[in-house]
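Chemist: task: produce atomic coordinates for the following.
(chains A and B)
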Amino acid sequence: MGSAPAQIPTSFGHELRACLRCRLVKTYDQFRDAGCENCPFFKMEEDHERIVEVTTPNFNGIISVMDPSRSWAARWLRIGKFAPGCYTLAVSEPLPEEMQHLCQEERVQYMPPKRM
Amino acid sequence: MAHNSDDGDYSWDDDSELEEEEEEEEEEPRRSRRRSNSDSAGRRGKKRKPSGSIFIDSEVAVDDDDEESEDDEQEDGFIEHAAEEVDHRQFNNEQFRPHVNDEDDLEQFDNQYFQERYSRLYNANEYDNEHEELTDVDQQALLPSVRDPKLWMVKCAIGREREVAVCLMQKVIDRGSDFKIRSVIALDHLQNYIYVEADMEAHVKEVIKGMRYIFANHKILLVPIKEMADVLSVKSKTIDLSRDTWVRMKLGIYKGDLAQVVDVDNVRRRVTVKLIPRIDLQVLANKLEGREIVKKQAFVPPPRFMNVEEARELHIRVEHRRDRMTGDYFENIGGMLFKEGFLYKKVSTKSIAAQNVTPTFDELERFKKPSENGEIDFVDLSTLFANRKKGHFMKGDEVIVIKGDLKNMKGLVEKVDEETVLIRSELKGLHYPLAVNERELCKYFEPGNHVKVVSGTHEGATGMVVKVDQHVLIILSDTTKEHIRVFADHVVRSTEMSNGVTKMGDYELHDLVLLSNLSFGVIIKLDSEAIQVLKGVPERPEVSIVKHGEIKCKIEKKINVQDRYKNVITVKDVARVIEGPSKGKQGPVVQIYKGVLFIHDRHSVEHTGFICAKCQSCVLDDSLSRFGNFKTPALVPPSPRRFQRADLGYNSGAGGRHWGGRGGRGNDLLVGAYVKVRVGPFKGYRGRLVEVKDKTVRLEHEAKIVTVNRDAISVATDNVATPSQYNMGSQTPMHPSRTPLHSCMTPMRDSGATPIHDGMRTPMRDRAWNPYTPMSPPRDNWEDGNPRSWGTSLQYQ
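Modeler: Predicted coordinates for the structure are as follows:
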């Protein structure tokens, strides 16, 4: 497997949150300790407030990706380039404006959730 | 660089990235087209559609051969113009040439190509918006191919789907490359199963070994390729709840109750809803005072508005509080907030159902009550319509716009196209049809239109519109003559006149049934929800509304009773009530049971005209000539007669009912009829009537002619008079197609057999009366005409 895997959520309760950009799922505490492996620029480990801004507990479905580069599902969900880990299929809200600008500055891709 | 073209070509170096993306998009379809058109698979340039050519605008018209050469040239051009881009293009080209030469799966090629391409783009740090544009086209390209890993469905313990997914993740990470699965998917809305993405089933089996919560013995199902993408599509069910949305509670004592959203808190996923309280004040009072109450199990108090005074009487503390956020005053009783009688409750979003919530009229009415506010009605309905699934506008429907600038404009539907409806208005100045969103439209009807209800609680009813009130129509039902309120959307114009729902499950309209509590009655109205039964209580009309399950069975027994004057009455006879609450009413007897007659009086409005009366309070009506409009078949003289039970000859009068248009005691009718003598010395004789006098008739009996009392005879329906049977049929009072009642059938009763053959009765009931159905069974011997044979032979098609 390619890159080092992201942390795996340690529990399943309400603490589970999904990163709004890469849709990685971890607990609040895990984000606080190690930030988001795919989005280091958010600097969640430094700025705890930010965790609440860029992650959400409202998400739908979980997909554990062991091998993103060779997984069709990961490709379909556009997480084929991210680190192996647990992701969610969809988040409920888009990234706040400010954060979107941040993404643009960092030249990373961000796709807002589709509204059906 | 003037290759073949256009000026715009080489501007790419300025906004190269952008253009590139866009043009590449167009590329796709073109590429595939060309590919399919190409003859030789091996022509590299063509297949590949190397990036160079995209910069030529007029490609479509260009010849293949030219293309190729141009391509090459183009590419060179590229190289000159943009070093870094070109590198990567070249690289691409090189990479793909060999692939193209192989007879690869085109899709795979696609996938790979895009993958590579986009991976480079990613790395090149493209801007976001460009990717947006590509998305849709892209997604198509990412559909699974045969070379992709497959999805396998694995059964697991309910509620553990997420846990299993994460555990598998952990397991695979720990064991490194032992396991060859690619991903595991746990969907929120699919319980009991997870999906494992792997190339082979064996891989799946391998990884789930030893996993708790997975049913390893259960069959592993393969997901078909076409369904793979659907697995990963999440239909966002979050109807963004907004204020005034109608929802239904899913949990608690208010389960199933209608509620209106008052406030939404997305952050914490809670909403405040407004409900009709179901509070038992007594219990509450007891609780607050600390008294122990014996709580009745599963007792749900009925919904009732909170009355503050009542609460105070019971010494429950009522606090007037001001809610911080909205600024409104609330009454705080026992920790619950009330306002204007409604209970305001904060619940989690998960415990309310927001989809497909269609409040019925009653519920809406109740919500209106305490506020007495006319406005609410319209507000409610409009929010109602906002969420409802409509979509049955058809060409030719008359509609009216209910929202937006064109509100209140009427028009005719010309075309329906998914959500947009094209309507043509009559107004001057609007010559062309207008496109309107279907949510802004509503069907329009004018009073006087005849319509049919096609959905909702009154489905199947037809009637005439008497009032139009925004979305609500008031219709006078054809069958029940009641006013029913329906939504305009549930109704279509129709000239159909229904008899109402006549059959629901096992029971038909006008069946005599036994209810679960051992009372009996006649079904007078069938609904999709409940059945109305007129009970067999002669003293007063009693109707009970029951559900299907409450009806025990149908009562099939055919009984005859005697009326006040000892005339025998059977079903289909006309009887008149001469005493009691229904005095004066008359009509054919529909059912008889336990000495109680159920009569259908057409003129009576209540309970669809059904009356229940004791047989003693009625008298058989013979002088009714109801068949004025009745056409008897030319052929037959012998008037049909009915069989009658034993003794009572029937008064010839009684036959009046059967004798159409002949006015009561048509003597002529009897002549020629084949009769059987029931009483007296000639009992048992059969013969043809030759002469009829007041009291006596003369029978030609086989060998001789005898005179018998009129009373003593009962007419046998006979073999000869076949058509007569049909006459009988025809004579039954039947109002053309309106009355769901007995159609033309006079029951032929065998003297020996008591039960009337239902076989005969039933089929005829539904049919328009047809006197000539040529099915009379010529029976030699009516006596032993066993019921069965009759029954079958008289089955109408």
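Chemist: how distant is the longest helix seen in chain A from the center of its chain?
Modeler: In chain A, taking DSSP state H as the definition, the longest helix is helix A:97-106. Helix A:97-106 has its C-alpha centroid displaced from the chain centroid by 15 Å (C-alpha atoms, centre = their mean, to the nearest Å).
Chemist: for it, buried residues please.
Modeler: Neighbour counts over helix A:97-106 (16 or more other C-beta atoms under 10 Å in any protein chain shown) mark A:99-100, A:102-103 as buried. Glycine gets a C-beta too; all of them are placed from N, C-alpha and C.
Chemist: output the residues you listed as CSV; include the columns distance to chain B and pLDDT.
Modeler: Converted to CSV, those look like this (distance: C-beta to the nearest C-beta, whole Å; pLDDT from 0 to 100):
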residue, distance to chain B, pLDDT
A:Met99, 12, 87
A:Gln100, 8, 89
A:Leu102, 11, 88
A:Cys103, 7, 88
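Chemist: ok, how many other residues are close to B:Asn286?
Modeler: B:Asn286 has 17 neighbouring residues, counting by other C-beta atoms under 10 Å in any protein chain shown.
Chemist: that one in helix, strand or coil?
Modeler: Secondary structure of B:Asn286, reduced to three states by DSSP: H, G, I helix; E, B strand; the rest coil: helix.
Chemist: and the helices in chain A?
Modeler: A:28-34, A:48-54, A:72-76, A:97-106.
Chemist: please see if the first one touches chain B.
Modeler: No: using C-beta under 8 Å from any C-beta of the partner chain, no contact is recorded between helix A:28-34 and chain B, whose separation bottoms out at 12.3 Å.
Chemist: list the buried residues of that helix.
Modeler: Buried residues in helix A:28-34, counted by 16+ other C-beta under 10 Å: A:28, A:30-32.
Chemist: returning to what we had before: could you dump the helices of chain A to CSV with distance to B:Glu161?
Modeler: Converted to CSV, the helices of chain A look like this (distance: least, C-beta to C-beta, whole Å):
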stretch, distance to B:Glu161
helix A:28-34, 21
helix A:48-54, 26
helix A:72-76, 16
helix A:97-106, 30
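Chemist: ok and the residue in the stretch 251-400 of chain B nearest chain A?
Modeler: Per C-beta to the nearest C-beta, B:Arg269 is where the stretch 251-400 of chain B lies closest to chain A, at 6.8 Å.
Chemist: from B:Cys442, how far off is the nearest residue to that residue once chain neighbours are set aside?
Modeler: Nearest residue to B:Arg269, sequence neighbours excluded (C-beta to C-beta, 6 or more residues apart in numbering or on different chains): B:Thr349, at 4.4 Å. In this view, B:Thr349 and B:Cys442 are 30 Å apart by C-beta to C-beta, to the nearest Å.
Chemist: which of these two has more neighbours?
Modeler: Neighbour totals were compared for B:Thr349 and B:Cys442, and B:Cys442 leads with 22 against 17 (other C-beta under 10 Å).
Chemist: let's see the pLDDT reported for the closest residue to the more buried one other than its chain neighbours.
Modeler: Spatial nearest neighbour of B:Cys442, excluding adjacent residues (C-beta to C-beta, 6+ apart): B:Ile402 at 4.9 Å. Per-residue pLDDT puts B:Ile402 at 76.
Chemist: what's the burial count for B:Ile402?
Modeler: Using other C-beta under 10 Å, B:Ile402 has 22 other residues around it.
Chemist: returning to that earlier point: specify which member of the buried residues of helix A:28-34 is nearest to B:Val465.
Modeler: Within the buried residues of helix A:28-34, proximity to B:Val465 (C-beta to C-beta) peaks at A:Tyr28, which comes in at 59.6 Å.
Chemist: which residues of the stretch 551-700 of chain B fall in helices?
Modeler: Listed in chain order, the helices of the stretch 551-700 of chain B (DSSP state H, counting those that start in this stretch) span residues B:667-670.
Chemist: below-threshold pLDDT in the stretch 501-650 of chain B: ranges please.
Modeler: Within the stretch 501-650 of chain B, the stretches with pLDDT under 70 are B:501-506, B:527-529, B:622-650.
Chemist: now do chain A
Modeler: Scanning chain A for pLDDT under 70 picks out A:1-2, A:115-116.
Chemist: can you rerun that using 50?
Modeler: Scanning chain A for pLDDT under 50 picks out A:1.
Chemist: all strands of chain A, in order?
Modeler: Assigned by DSSP state E, the strands in chain A fall at A:16-19, A:25-27, A:55-56, A:59-65, A:85-91.
Chemist: make JSON lines out of those and add mean neighbour count and distance to B:Val453.
Modeler: Shown next, in JSON lines, are these (neighbours: other C-beta atoms under 10 Å in any protein chain shown; distance: least, C-beta to C-beta, whole Å):
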{"stretch": "strand A:16-19", "mean neighbour count": "25", "distance to B:Val453": "47"}
{"stretch": "strand A:25-27", "mean neighbour count": "24", "distance to B:Val453": "49"}
{"stretch": "strand A:55-56", "mean neighbour count": "22", "distance to B:Val453": "45"}
{"stretch": "strand A:59-65", "mean neighbour count": "26", "distance to B:Val453": "38"}
{"stretch": "strand A:85-91", "mean neighbour count": "26", "distance to B:Val453": "40"}
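Chemist: may I see those strands arranged in JSON lines, with distance to B:Leu518 as well?
Modeler: Shown next, in JSON lines, are the strands of chain A (distance: least, C-beta to C-beta, whole Å):
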{"stretch": "strand A:16-19", "distance to B:Leu518": "59"}
{"stretch": "strand A:25-27", "distance to B:Leu518": "62"}
{"stretch": "strand A:55-56", "distance to B:Leu518": "61"}
{"stretch": "strand A:59-65", "distance to B:Leu518": "54"}
{"stretch": "strand A:85-91", "distance to B:Leu518": "58"}
